[in-house]
Structures are given as structure tokens and as C-alpha cells.
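> Here is the input, now give the coordinates:
(one chain, ligands or ions: 1)
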Amino acid sequence: AQPSAPDPISAPLRSLDFGQLNFLHTTDTHGWLAGHLQEPSYSADWGDYISFATRMREKAEAQGQDLLVIDTGDRVEGNGLYDSSEPKGVYLSDILRHQHIDLLTSGNHELYKKNTSEAEFFTTVPNFRGNYLASNIDIIHPTTKELVPLAPRYKKFTTKKQGIRVVAFGFLFDFTGNWNNTVVQKVSSTIKEDWFQEAIRDKEVDLFLVIGHVPVHSPEYQAIFKEIRGIRWDTPIHFFGGHQHIRDYARYDSKAFGLASGRFMETVGFASIDGLNTPKSTHLSSAVASPVFKRRYIDQNLFSYYHHTGLDEKSFPTEKGQNVSRLIAKARTDLHLDQVHGCAPHELWMSRVKYPSPSSLYTWLETQVLADSLKDERRVNVPTLAVVNTGALRFDIFPGPFTQDSTFILSPFTSGFRYLKNVPFDKAQLIVEVLNKQPQVLQASQEGSSPTTLAPPEQLAYPEDVVVDKEPVAFDQTPLSDSRKLVPGYTTEDDAGKDGDDTVHEPISFYRVPNCLQVLLNNSTETPETVDLVYIDFIEKYVVQAAKIAGLDIDVAKESDVYMPQMSLTNLILDWVKKNWKC
Ligand SMILES: O=c1ccn([C@@H]2O[C@H](COP(=O)(O)O)[C@@H](O)[C@H]2O)c(=O)[nH]1
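Modelled structure (predicted):
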């Protein structure tokens, strides 16, 4: 772990059920390779994860079993370790590559910008040569300008110990926000292509593995499941997914399951399959008709890692893992990530408290940061309605030092502001109302595709608020090994029940937020007739649609202009923190 990481807190744990084939899975890590330095439950780092995977592989192989390590994308954007370097990601990719990852794929964040996808093409794909899959992503080759697959479409391999014959695919959900140097083909059309049809007709396959940056409960994964099942009625399929930042497990049928392993290096997903028919096992009388699938969501800390490997402080770390922890510490020093810009007086939560409220991160952004600091000197005293999508903020703020790292953890994106002059106030309000009308924003959600949102992605999995009664929870799974108070954390309920989390936690509330927050900046007490409608540039394409619906007959892209040139939301927040949160 990193030198400043808090020690994990002991907690009652559920164990892992190993099988013939075992998996470790990360997704949506968003640069958090140093782990969580303010949260004991998630305080291990990528070096510890390397040691964990090594020890787990040793354990599996000693039992004659196999272990595969999987990552399903969105490795970038969301933490100082990625976002604060110039160019972004140079430290991150060098740290990431030390983990032996058997299969990986791209997320949407690898494709928002041209230089990010080109870095995947030139660095991450070669770093994991042969293991990076891109079933539905093409990129314009930066030199030849030809459209080429970002990485191989699929792969067939045989596992080391059990000789399990696997055909693996690597998908991205039907993402449309990519830069125009990449092409994301819809999943529904990709699975009709000849190469996919041939791959699923291969009879020498014991398991189909579908990894992807795709929610496990999604139209895209349903379509892939149906297509494979239509041809191979009996072959086991394991899906690994992500994108919604949640722990989730889907049962498609008795031989097909899918695991999603959370976000931000909070979770390492574990899955296993036992009873697969393989060329070896079919000769043995022990071959079973129906395989058994298991899953567990591991809290990413050393207490869990020691427990699951049966090792301790001395026997657990590997030399490579320790070297990588040192590499991360050095990168953090080089990037000045511990530099303190101010001190937060109390917690500000994204979803643990109601919005609006004094502890809501969004209320703070509206009533303090934007109200104090959003001003273009060319537009002084002009009434302004400011709109920012809630998904632009990515993490809670804890009391204490607000560092260079906290800045990017809170607001990693480079978006600045644009504005439309003299918008009738009622139309401006209507535009915000339209933006907030639906959980999935305007952009007619393509049929058969996952919905998109301007709100934090977790929210897609919560149709309603979850309000937790603060009474301690009864625990009816394994006996408590420790009767102390439970630590608040994940209490996942999925298609296999309520016993998925390795750590038994006290539940946490989840309150929904609107797609966009808004603040009226007006020096007068009178309602303005017109306002400057200021919006974060990431939402411009949605503002275009909302303006049409609101009956504002203008060409938004043409008539809008940059507001506070050179100022990003991130820097606006940082300047406010420096001025207002003295330590
Ligand atoms: O520049 C950006 C990029 C993204 N967002 C917000 O993030 C979610 C997508 O996040 P995932 O991690 O891919 O789930 C998107 O819906 C926006 O809400 C942003 O605000 N600015």
C-alpha cells in the first residue's frame, strides 16, 4: 500500500469458492492505482493487487486449477495519477503494464479524446499484446489514416492447467460520444459479422468468455447471449462487464452468468466455474453435466487480500508488487499529488445525502463555488443561469486536506464553459427542465442499447432512492468472526442473492440527483427577463436538443461563445478551494 494509506479495518469476511477456472476482475479503475488514501476499506494499491493476483494464481495452480485476470476498461480519467501528468497517462500506463492481465478491453473514456485512443493504440494495446480485444472498435491509424481494428476482434486459447478451450470477445457498449478518429460499431450489427458467426460456430470450445465495457444487465449483453445461445445451446458462457460503476451479477440461464466489479479500485471481482467439460474431463467419469458458477466482490484492502490467500504481512507481498507500490509512490511525488491546496471542513457527498442539503456536493458547487466564482469579466452584472451536469463531479470530498490529487478525483475532465446571450429567462429555465426531464437524456436512446446519462453512472442502477434505516443490520450468512460494529460499505443484492460482498458491511443510503444542477446568478431581487445561459461544454449537444424542444429557435453551436476563456470547471473549483478552505 502507499505510505500514507490508512490500515484496513478488520471485518467479518465471506470466503472465496475456487473452481476449475477462476477469475479476478477489475473495471472502471479510472486511474485509482494508488488505492483510496482516505478510506481504509479500499486502501491497497496496484502493487498489492499484483501480489494478490500472483498469490491467487499460485494457489489455483497448486490445486491444478487455472486463474485468469481481466480488466474491462475505463482505466483512464478520474485520478491525479492519470490526469495530472503531461501528457496525461504517461505514469499510469507504465504502472498498469506490470500486472499480468490475460484479457482486457477499452471503455468509453479511452475514446472520448483523440490522444487517449491513440495512446491505447500505441501503448496499452502493445503492452498487453495478444490480450487486448476490440470486437467492435476501429481507429483511424494515426500514420496510414486507414480505419483499422483497435486490437484483435477475438481470441481462442487453452488454459494452462485444465486445458479449457476458450473463445473470448471484447466489447464496448453502443457508445456514441467518441472522438471522430474512432468508430464504435453497434453490438447488434457486430454480432452478425462473419468473423463472429464463425467464432461461435467453433465446436472445439468449452467456454465462451465475453468481456466488455458493457453493463451486465444490458440490451447489448442480452443480444450477445441470445446470438451465442442460438448456435451453441449448451456451451457455458461467462460475461465480465462494467460501465455503471456498480457491483452486479447477472444470470442469463443456468450456464451463463455475468459479473460487474464496481469502480475506482474499490472492488476486485472474483468468479469461478467448476464442472466444465474439457477434452481432459470428458474422458473421466467425473465430468459433470451442469457447471457451477460463483462470484464474490472483494474489498480492495490488505485485510481481504491476506484473508483470501491465507498469507500475512510477511508472506503475502511479491517483489514485483512491492516495486510497483514504490513506482506509484514515486509517480505521486513527481506529480506533487500530496500538495495541499486547502482543507475541507466536512464531508460533501454525491449520493449519501439528499440533494439539495448542506452536505450535498452539488449544493456546495451551486451555492458556493459557482455562485462565488463563475463570472466572465465581459459580462459583469448580467443575470446568468448556469448549468452543469452532475456527472461532471466524480467523487465525494472528505474532511481534511484537499490535495492536488483530490482536485482530479473530484473533477478530472477538461471541460470549460460556453454561453448563449440574452436568452429569455423562461426559455432558459425550460431548457434546464428538459435536460432534467428523463433519467436518460434526450438523445433518443438507441433501441437495443444501454441508456446514457448526464448524471453519475451509478444512478442508472438505482431507479429510486435507497434510504437506509440507521439501525445495525442483522447478518444471517456466515457467523460473525468479529462482533464489533460493521464498517459502512457495499451491501450488494444481485441475481445470485445478497451474499456477494466478501466484507459484511453496514449499508449506505443512495439518493438520486438530477441530470443537471443549476444556479441563478442575479444581483437584483427582480426576476430577470433575459439571462446569459452558461453551460459546461460537455453538454452542448444536449443543450442543442433541449433548446429546440423549449422552442428557442437558434443555432446554439454558432451563437454560443466561450465563457471565462481558459477556465475549466476543475480550475474554477481549485481556485475556490484555495481562497475559501484555509487549513
Ligand atoms: O468529459 C466528460 C466525460 C464524462 N462525463 C460524465 O461521465 C459519465 C460517463 O462516465 P462513465 O465513467 O463512463 O460511466 C457521463 O455520462 C457524464 O455524466 C462528463 O461529465 N464529462
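> So which residues on this structure come close to the ligand?
When proximity is defined as C-beta under 6 Å from any ligand atom, the chain approaches the ligand at 28, 74, 108-109, 112, 243, 389, 391-392, 413, 415, 452-454, 457, 538. In short, each C-beta sits where N, CA and C put it, glycine included.
> Swap in 5 Å and give it another go.
108, 391-392, 413, 454, 457, 538 (C-beta under 5 Å from any ligand atom).
> of all those, which comes closest to the ligand?
Among those, Gly391 lies closest to the ligand (C-beta to the nearest ligand atom), at 1.9 Å.
> how many other residues sit next to that closest one?
Neighbour count for Gly391, taken as other C-beta atoms under 10 Å: 22.
> so where do the helices sit in the stretch 251-400 of the chain?
For the stretch 251-400 of the chain, the helices defined by DSSP state H, counting those that start in this stretch cover 302-309, 319-334, 361-364, 371-373.
> Of those helices, which is nearest Arg165?
helix 302-309 (28.0 Å; C-beta to C-beta).
> residue contacts, the nearest residue to Ile137 once chain neighbours are set aside?
Spatial nearest neighbour of Ile137, excluding adjacent residues (C-beta to C-beta, 6 or more residues apart in numbering): Leu150 at 4.4 Å. Applying C-beta atoms under 8 Å, 6 or more residues apart in numbering, we find Leu150 in contact with 106, 117, 120-121, 125, 132, 134, 137-139, 182.
> coming back round to it: so of the residues of the chain next to the ligand, which two are at opposite extremes in space?
Across the residues of the chain next to the ligand, the longest distance by C-beta to C-beta is 15.2 Å; it joins Asn108 and Ala392.
> possible to save the helices of the stretch 251-400 of the chain as TSV with mean neighbour count, mean pLDDT and distance to Lys558?
Below are those laid out as TSV (neighbours: other C-beta atoms under 10 Å; pLDDT from 0 to 100; distance: least, C-beta to C-beta, whole Å):
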stretch	mean neighbour count	mean pLDDT	distance to Lys558
helix 302-309	21	98	54
helix 319-334	17	98	43
helix 361-364	21	98	31
helix 371-373	15	97	28
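> Show me the one of the ones you listed that comes nearest Asn571.
helix 371-373 (9.8 Å).
> now the closest one, how far from the centre of its chain.
Relative to its chain's centre, helix 371-373 lies at 30 Å (C-alpha atoms, centre = their mean, to the nearest Å).
> Need the contact partners of it.
Contacts of helix 371-373 (C-beta under 8 Å, 6+ apart): 519, 521, 572, 575-576, 580.
> Check stretch 427-440 too.
Residues contacting stretch 427-440 (C-beta under 8 Å, 6+ apart): 385, 387, 389, 423, 441-442, 451-455, 459-460, 463, 514-516, 518, 531, 533, 539, 542-543, 545-547, 549-552.
> In helices only, show me the residues you listed.
Among the contacts of stretch 427-440, the residues falling in helices (DSSP state H) are 542-543, 545-547, 549.
> Buried residues, stretch 155-162. List them.
For stretch 155-162, the neighbour count (16 or more other C-beta atoms under 10 Å) marks 155, 157, 159, 161-162 as buried.
> one step back: can you redo the contacts of Leu150 as JSON lines, where the extra columns are pLDDT?
Compiled in JSON lines, those are given as follows (pLDDT from 0 to 100):
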{"residue": "Ser106", "pLDDT": "98"}
{"residue": "Ser117", "pLDDT": "98"}
{"residue": "Glu120", "pLDDT": "98"}
{"residue": "Phe121", "pLDDT": "98"}
{"residue": "Val125", "pLDDT": "98"}
{"residue": "Tyr132", "pLDDT": "98"}
{"residue": "Ala134", "pLDDT": "99"}
{"residue": "Ile137", "pLDDT": "99"}
{"residue": "Asp138", "pLDDT": "98"}
{"residue": "Ile139", "pLDDT": "98"}
{"residue": "Thr182", "pLDDT": "98"}
